[in-house]
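**Q** build me a model from this:
(chains A, B, C and D)
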2 protein chains.
Amino acid sequence: MTEFEKGPRGRRRGRGARERILSASQQLFRDQGINRTGMNEVCAAAQVSKRTAYQHFASKDELVAEYLRRFDPDVMPGVFDRADLSPRERLLAAFAMPASTPLCPYIAAAVELHDPEHPASRYARDYKTAIAARLTETAREAGARNPEQLGEQLALLIDGAAARTRVLNHDSFPTAAAIAAVLIDNAIPAAPSEQSSDDRGAPASAPVPIGG
Amino acid sequence: MTEFEKGPRGRRRGRGARERILSASQQLFRDQGINRTGMNEVCAAAQVSKRTAYQHFASKDELVAEYLRRFDPDVMPGVFDRADLSPRERLLAAFAMPASTPLCPYIAAAVELHDPEHPASRYARDYKTAIAARLTETAREAGARNPEQLGEQLALLIDGAAARTRVLNHDSFPTAAAIAAVLIDNAIPAAPSEQSSDDRGAPASAPVPIGG
DNA sequence: TATTAAGTACACCGATCTGTTTACGTAACG
DNA sequence: CGTTACGTAAACAGATCGGTGTACTTAATA
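**A** Numbers count the residues shown, from 1 in each chain, chains lettered A, B, ... in the order given. So this is what the prediction gives:
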């Protein structure tokens, strides 16, 4: 125990149980929901003993929180860093869903856990706030008159599309994208582009997967 | 058993157990969520024996479905029937939330049950579709160019506000109302009213409680 | 090689859940 | 009156849940 601090978890010579647990959690929590997925099932899928799981995560709640924290990197952030797109295109790219996303896991967690003070609920709030901030920042880049307002509006559209897609079992992101286009054109002084309100399909069609 | 057919339930001389069960379900399912509320708790709150509860409802799933069906009359429909409002005002009134609504129970049910084929999930879908149809109808009344599109867009805004309010623990309906105002003005040919995109508070402020 | 951390297998605990059973009141109606 | 549906109370089934305890194996390091 000299080199490499053990840190919160000692993964120095382990066989990667923690990663397998998180990976299995990701899939199971998404596919079946948090409440409908037991720890036994997670452990079985991760090929990890229950004892080990509880040595890495003090409780299921903690695992859920970490699952949400791990979710982030896969999705939205990639959109905002695409240098090949204009700010306006980046804003619209946030609405190009890969259709493989069942429901924004942050909304799902907030609903399933039902406790605003649960660590995962807190993180969901932070994440949503961060996404809105990124949208605001990009809106400012795009020259929007009121970037904060546009950012918050676009964030709401993403959540609406996610929720509605879940309830209706039908992709609502194109509708959200159409609204977004209207709002963006309306918020940028010298707004070019096509018409202003008529329907348009999914925009830009960036192949980057994103989950609001 | 001569007069008054017994029907699906014989409530002829009962003391209203069924109603008490549904009333208790409404409150508990909303306040605590469906999965976190056991039948024992429902029965205790309804002051009804478990046996009676299961004579009225074959299973909890059935009770949940009926709970959602009973929810409807309280909320949205009232908005569309207000003769004192213009069609445009009625569309905006759908965004005046009483802040007492924790989350649209249809979204919550769809997320909690996690099975699109669950009767309650099916009903949630039907309900959301019906609301969108009502919005479309009103949009047509208001003279919108593309009523179907506007109706679907406004429905998405309501769901977005509901979901976001839940996750952020902060009322997002004013934001949704602002977007709605833009979309409505944009969709109605001779759109009067104020400016086109700047922020405006909650509209009309109809005191009618509604839950998207 | 001796130590030590990481992981395993599996029984087990107490709690909670949906749902059932049994045995018993009670009020309305013919 | 007696019948009958509606209702109660409480124990109980059977399953699953989150979480522990114990005794064991494995593998990297000092």
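**Q** C-alpha from now on. contacts and neighbour counts both.
**A** Noted.
**Q** just to check, residue A:53 is in contact with residue A:21?
**A** Yes - counting by Cα atoms under 8 Å, residue A:53 does reach residue A:21; the two are 7.1 Å apart.
**Q** which residues sit against the helix or strand hosting residue A:126?
**A** Assigned by DSSP states H and E, residue A:126 falls within helix A:119-141. Applying Cα atoms under 8 Å, 6 or more residues apart in numbering or on different chains, the external contacts of helix A:119-141 come out as A:61-62, A:64-66, A:68-69, A:76, A:80, A:87-88, A:90-91, A:106-107, A:109-110, A:113, A:115-116, A:146-152, A:154-155, B:167-168.
**Q** stretch A:63-74 now?
**A** By Cα under 8 Å, 6+ apart, stretch A:63-74 touches A:22, A:25-26, A:34, A:57, A:105-106, A:119-121, A:123-124, A:210.
**Q** please redo it, this time with the cut-off set to 6 Å
**A** By Cα atoms under 6 Å, 6 or more residues apart in numbering or on different chains, the surrounding residues in contact with stretch A:63-74 are A:57, A:119, A:120.
**Q** ok, now stretch A:150-170?
**A** Here stretch A:150-170 makes contact (Cα under 6 Å, 6+ apart) with A:103, A:132, A:135-136, A:171-173, A:176, A:212, B:110, B:125, B:156-157, B:159-160.
**Q** quick check: the farthest pair among those residues?
**A** By the measure Cα to Cα, A:136 and B:125 form the most distant pair in the contacts of stretch A:150-170, at 32.3 Å.
**Q** who has more neighbours out of those two?
**A** More neighbours surround residue A:136 than the other of residue A:136 and residue B:125, with 24 against 20 (other Cα atoms under 10 Å in any protein chain shown).
**Q** for the more buried one, report the pLDDT, please.
**A** With respect to pLDDT, residue A:136 has a value of 96.
**Q** for it, which non-adjacent residue is spatially closest?
**A** residue A:151 (4.0 Å; Cα to Cα, 6 or more residues apart in numbering or on different chains).
**Q** so which helix or strand takes in that neighbour?
**A** Residue A:151 belongs to helix A:147-168 when elements are defined using DSSP H and E.
**Q** buried members of the contacts of stretch A:150-170 into PyMOL, please.
**A** In PyMOL syntax, the buried subset of the contacts of stretch A:150-170 is picked out as below (16 or more other Cα atoms under 10 Å in any protein chain shown):
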select buried, (chain A and resi 103+132+135+136+171+172+173+176+212) or (chain B and resi 110+125+156+157+159+160)
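**Q** tell me the one among the contacts of stretch A:150-170 nearest to DNA strand C.
**A** residue B:110 (16.0 Å; Cα to the nearest atom of the strand).
**Q** what about residue A:58, how many neighbours?
**A** 10.
**Q** oops, could you answer that again for residue A:122 instead?
**A** 17.
**Q** what distance do you get for the residue of chain A found nearest chain B to residue A:85?
**A** Closest to chain B within chain A is residue A:160: 3.1 Å, counting by Cα to the nearest Cα. Separation of residue A:160 from residue A:85 (Cα to Cα, to the nearest Å) stands at 24 Å.
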